[in-house]
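A.B. asks: let's see this in three dimensions:
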Amino acid sequence: MSTLEKIHHRPSTLPSKQTAALTEKPKRGLKYTLGATVGVLGLGLYLIIWYWSLEPKMFDVSEEAVRRADVQDAKKLPIGYVYSNALAEVAETLLNKPGGFIFNDIFPGTLMDNMPSWEYGALVMMRDAASALRNHFARAQSQSKENLDLSKAEPLFYFDNDSWILPTTEGEYQLGIKHLKNYMRDLKDPGSTKAHFYARSDNLIQYLDVVIKRLGSLSYRLSASSIQKHQYDLEGNLLTVKTPWLDVDDVFYEARGATWALLHLFRAIEVDFQKTLQGKAALATVRRIIHEFEDSQASVLSPVILNGGGFGIFANYSLTMANYITRANAATLDLRDLLIRG
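C.D. replies: Numbering: from 1, shown residues only. Okay, the predicted model is just below:
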């Protein structure tokens, strides 16, 4: 073979390199595209979780009651309307806040724990308030007939709070709100004899007994999130209790949700039980309770719940919240004593 033929037949490495480069480019492009897609989806999911984790704002119970009743002045509202409406507003907030009711969500609710814990704390207080309205505030005495709408609303609020399939938790709670609004409609109607609200001290005392136990439990659990708590069983054996560190933020946000709901319910009690409280010289005590609940709703500046020990450099959020709740509980005990002795 001649030299010219050898040159023409000599295998060249250039085409193979170019082919490899052309093959590699689509692979790299696919990797970059997948990486960018995963990054965008991750950022989007993070923003959704962040937005859904925003705690609902506080509201004015009297203004909301006036708006719902469509009257010009809160003085025109019947006794008990502000309390009933505050209860309805708390329930509607759980359903209509950003993300709706998250506790029973499959996704992304499974990736969240702070807001579901907040919802559970508010839900427990909402259930207690609904029971108090049905069994005490709306009944003249133990032998009196209970209100039909409230007898339907209360068990609906106790429906399983993690049911995502039919019947859904949201659907049952919404039906309970509907019955509660029916009671409020009859309460507002001067010609109706179906709905009543008795703002007596003995009725309020029975509700306060429940609140005292709830606050005491929350205070104990918050304290156990930071330090070991000691208690004795029925046989006198010493038990040591400490909240696991993975549950510390759950207990904190449960307390946040509970105090948020109680804040609005006690504001409503201040309005509807005003004459009773004034007669017992207890109005200032109620306002002290409300003030402690307001302080418990201060903004959380840290992205995580800090539980520093002793006098360390980190704040202790659990003990701070426990402090507010303990003072509110002590004031609630004082309020109950005033109502009993007054």
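A.B. asks: how many other residues sit next to the nearest residue to residue 153 once chain neighbours are set aside?
C.D. replies: Nearest in space to residue 153, with sequence neighbours left out and distances taken as Cβ to Cβ, 6 or more residues apart in numbering, is residue 179 at 3.8 Å. Where C-beta positions appear, they are placed from N, C-alpha and C, glycine not excepted. Using other Cβ atoms under 10 Å, residue 179 has 19 neighbouring residues.
A.B. asks: for the strand or helix carrying residue 179, list the C-alpha coordinates in PDB.
C.D. replies: Here residue 179 sits within helix 169-188, counting by DSSP states H and E. Below are the C-alpha coordinates for helix 169-188, written out as PDB (Å, rounded to 0.1, in the frame of the first residue of the first chain):
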ATOM      1  CA  THR A 169     -62.400  15.400  60.200                       C
ATOM      2  CA  GLU A 170     -63.000  18.700  58.500                       C
ATOM      3  CA  GLY A 171     -66.500  17.700  57.400                       C
ATOM      4  CA  GLU A 172     -67.500  16.700  60.900                       C
ATOM      5  CA  TYR A 173     -66.100  19.800  62.500                       C
ATOM      6  CA  GLN A 174     -67.800  21.900  59.800                       C
ATOM      7  CA  LEU A 175     -71.200  20.300  60.700                       C
ATOM      8  CA  GLY A 176     -70.500  21.000  64.400                       C
ATOM      9  CA  ILE A 177     -69.900  24.700  63.500                       C
ATOM     10  CA  LYS A 178     -73.200  24.700  61.600                       C
ATOM     11  CA  HIS A 179     -75.100  23.500  64.700                       C
ATOM     12  CA  LEU A 180     -73.300  26.000  66.800                       C
ATOM     13  CA  LYS A 181     -74.400  28.800  64.500                       C
ATOM     14  CA  ASN A 182     -78.000  27.600  64.700                       C
ATOM     15  CA  TYR A 183     -77.800  28.000  68.400                       C
ATOM     16  CA  MET A 184     -76.400  31.500  68.000                       C
ATOM     17  CA  ARG A 185     -79.200  32.300  65.600                       C
ATOM     18  CA  ASP A 186     -81.800  31.200  68.100                       C
ATOM     19  CA  LEU A 187     -80.000  33.000  70.900                       C
ATOM     20  CA  LYS A 188     -80.100  36.300  68.900                       C
END
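A.B. asks: then the helix or strand just after it to CSV, C-alphas only?
C.D. replies: Per DSSP H and E, the first helix or strand lying C-terminal to helix 169-188 is helix 201-224. What follows is helix 201-224 as a C-alpha-only set of coordinates in CSV (Å, rounded to 0.1, in the frame of the first residue of the first chain):
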residue,chain,number,x,y,z
SER,A,201,-70.9,31.9,88.8
ASP,A,202,-71.6,28.2,89.4
ASN,A,203,-71.6,27.5,85.7
LEU,A,204,-68.3,29.3,85.2
ILE,A,205,-66.8,27.5,88.2
GLN,A,206,-67.4,24.1,86.6
TYR,A,207,-65.6,25.2,83.4
LEU,A,208,-62.7,26.8,85.3
ASP,A,209,-62.2,23.4,87.1
VAL,A,210,-61.5,21.8,83.7
VAL,A,211,-59.2,24.7,82.6
ILE,A,212,-57.2,24.5,85.8
LYS,A,213,-56.4,20.8,85.1
ARG,A,214,-55.5,21.5,81.5
LEU,A,215,-53.1,24.3,82.4
GLY,A,216,-51.6,22.2,85.2
SER,A,217,-50.9,19.4,82.8
LEU,A,218,-49.3,21.7,80.2
SER,A,219,-47.1,23.4,82.8
TYR,A,220,-45.9,20.0,84.1
ARG,A,221,-45.1,18.7,80.6
LEU,A,222,-43.3,21.9,79.6
SER,A,223,-41.1,21.8,82.7
ALA,A,224,-40.4,18.1,82.1
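A.B. asks: averaged pLDDT, helix 201-224. What do you get?
C.D. replies: Regarding helix 201-224, the rounded mean pLDDT is 96.
A.B. asks: chain neighbours aside, what residue packs nearest to residue 150?
C.D. replies: residue 134 (4.1 Å).
A.B. asks: counting neighbours, what do you get for the one you found?
C.D. replies: Residue 134: 22 surrounding residues under other Cβ under 10 Å.
A.B. asks: contacting residues for it?
C.D. replies: 146-147, 150-151, 153-154 (Cβ atoms under 8 Å, 6 or more residues apart in numbering).
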